Each structure stands twice: as structure tokens, then as C-alpha cells.
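**Q** Any chance you could fold what I've pasted below:
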Amino acid sequence: MIQSSSVASAIAAFRARDRDGAVGQLWKALDSVSGSGDHYLSIVDLARELGEVEIALRAADRARDTNPSDLQLRLKYWHVLSRYNREDEVQRDLQTSSAAQRNNPAVAEVRATLAMERGDFDEAMKLARWLTANGPFPERGWFWLSTMKRFERDDPDIALMEHFISGARRDDPHARSMKD
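**A** Alright, predicted model coming up:
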């Protein structure tokens, strides 16, 4: 990744233990008009190291804005917001994302996390079941289910999980090595 001179200067100041110089260079890099998503994400990383929450949040916002249809940038944006306890902002931004993004398995995991954090276990359970049926990694859905419910004897989910595991063992050489 090619870094702007301001980001490179911020890194140099950081390595020289010049916190104020590093912060000043980050503000300068943040003012860059034509930064890419990666440019702004590098600012986020160093700002987090320095404990500069406002710089990190602004840089994450700008990273997302460089290409709002880029799901990876949006996921990183939500991660930064969540790191600073801004789940309400994640929820609002989710509403502005495209339907294709909202129906992505990675986004379903974000939505399940938010639902659990606000105590909406029915919604979290619904999303976990959606992940088991639709996600490329159904085991993530099963993980979510296992955090929300206690499996009892004769629970129909146990049979579904066993069916999933037996199919995974046939299809995946790593899963075949799991012990019974």
C-alpha cells in the first residue's frame, strides 16, 4: 500500500515517540481530499494506537464514503464504530446500506451482534437460523445459536446440527478429521 507523505510522517513520528507530531500529521493526512479507503484505514489504525478516537472515527467515516458500495469498507467502518461503543450509529448506517449488503452473511452477523446487545434475542435467533441456512459458513450460524440457547435432549436443532456436521465431514477434508 502506498502511503501519503502525511501518513508516513505520522508513522515516523510515532516510531520516534513524538505523539504530538504523529497526531498533527494524522490530522493533516485526514484533510487529504483524495484519499482512498486504504489511506483512511491506515489513519484509523494509527489513530487507534495513539488513542485518538475522534481521528479514528472521522477516518473510518471517510473510508466508508470513498466507496459506499464496498462491503469490506463498510464492515471495517462498523467495526471501528463498535470498538468505540457506537452501536446506534452502526444500526443507523445499516439502514442506509443496500439490500444486497444487508442480506450478506457477514452483515447478518453484525446484525445478530447488535440484536444480542440490545436484548432482542428473537431477532438474533432469526438471523442465526438464516446464517445456518444461507451463509457460506453455516457453522457461524450454529455458533450464534449455541450462544443463545441451551440444547436439550430431543431438540430438533441437534438433529439439524448433526446433519450439517456429517455433510461437512464428507465435503471438507478438515471437517472429516473432527472426532465423533
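**Q** The closest residue to residue 19 other than its chain neighbours: how many residues sit nearby?
**A** Nearest residue to residue 19 in three dimensions, chain neighbours excluded: residue 50, at 6.2 Å (Cβ to Cβ, 6 or more residues apart in numbering). All C-beta atoms are positioned from the backbone trio N, CA, C, and that covers glycine. Neighbourhood size, residue 50 [other Cβ atoms under 10 Å]: 18.
**Q** Residue 50 contacts residue 23, doesn't it?
**A** Yes. Because the distance of 6.1 Å satisfies Cβ atoms under 8 Å, residue 50 is recorded as touching residue 23.
**Q** Export the longest helix along the chain to CSV, keeping only CA atoms.
**A** In the chain, taking DSSP state H as the definition, the longest helix is helix 156-171. Provided in CSV are the C-alpha atoms of helix 156-171 (Å, rounded to 0.1, in the frame of the first residue of the first chain):
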residue,chain,number,x,y,z
PRO,A,156,-34.7,-30.7,16.7
ASP,A,157,-31.7,-28.4,16.3
ILE,A,158,-29.4,-31.2,17.4
ALA,A,159,-30.5,-33.4,14.5
LEU,A,160,-30.0,-30.5,12.1
MET,A,161,-26.6,-29.8,13.5
GLU,A,162,-25.6,-33.5,13.3
HIS,A,163,-26.8,-33.5,9.7
PHE,A,164,-24.7,-30.4,9.0
ILE,A,165,-21.6,-32.0,10.6
SER,A,166,-22.0,-35.2,8.7
GLY,A,167,-22.3,-33.3,5.4
ALA,A,168,-19.3,-31.1,6.3
ARG,A,169,-17.2,-34.2,7.0
ARG,A,170,-18.0,-35.6,3.6
ASP,A,171,-17.2,-32.3,1.8
